[in-house]
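[1] I would like to see how this sequence folds:
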Amino acid sequence: MAHMQTRKKGTREVKAYPEKCAGCMSCALACSWTFLGAFNPLRSRIRINWPGDAQRTIIFTKECTDCGVCVEYCNFNALEVVES
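    Next up, the predicted model:
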C-alpha cells in the first residue's frame, strides 16, 4: 500500500505520494518563487527529504496555505489537490 500524507484545511486537501517523487524540487522552487520571489527550496512551504536510499518524505510547513502551486509544477504526479 502506498504511503500518503494529507494536509487538510477547510475544503481543500493537498495529498502527497512520496513514492512517485523524483526529488527534482520543482514544487519547492515554484513555492518559494510564488511566496518569496526567490528560487530557494530551503525557504519553501514544502520540503522533500530523502535520507540516503530510504523512502522519500514530503512535508508541508505550517505556513502552507494549500494553494496548489506545488501541484501544478509536479511533473511526476506526486502531489494532488482534492476539493471536498
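[2] helices of the chain, start to end?
    Listed in chain order, the helices of the chain (DSSP state H) span 26-36, 69-72.
[3] got a list of contacts for the shortest one?
    If I follow you right, that is helix 69-72. Residues from elsewhere that reach helix 69-72, judged by CB atoms under 8 Å, 6 or more residues apart in numbering: 14, 27-28, 30-31, 34, 44-46, 79-81. Just so you know, the C-beta spots here come from the backbone N, C-alpha and C atoms, and that holds for glycine as well.
[4] out of those residues, which end up buried?
    Neighbour-count burial (16 or more other CB atoms under 10 Å) applied to the contacts of helix 69-72 gives 14, 27-28, 30-31, 44-46, 79-80.
[5] okay if I get those as a markdown table plus pLDDT?
    As requested, those are exported to a markdown table (pLDDT from 0 to 100):
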| residue | pLDDT |
| --- | --- |
| 14 | 93 |
| 27 | 97 |
| 28 | 97 |
| 30 | 97 |
| 31 | 97 |
| 44 | 97 |
| 45 | 96 |
| 46 | 97 |
| 79 | 98 |
| 80 | 97 |
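[6] which single one of those residues is nearest to residue 68?
    Nearest to residue 68, judged by CB to CB, of these is residue 14 at 6.8 Å.
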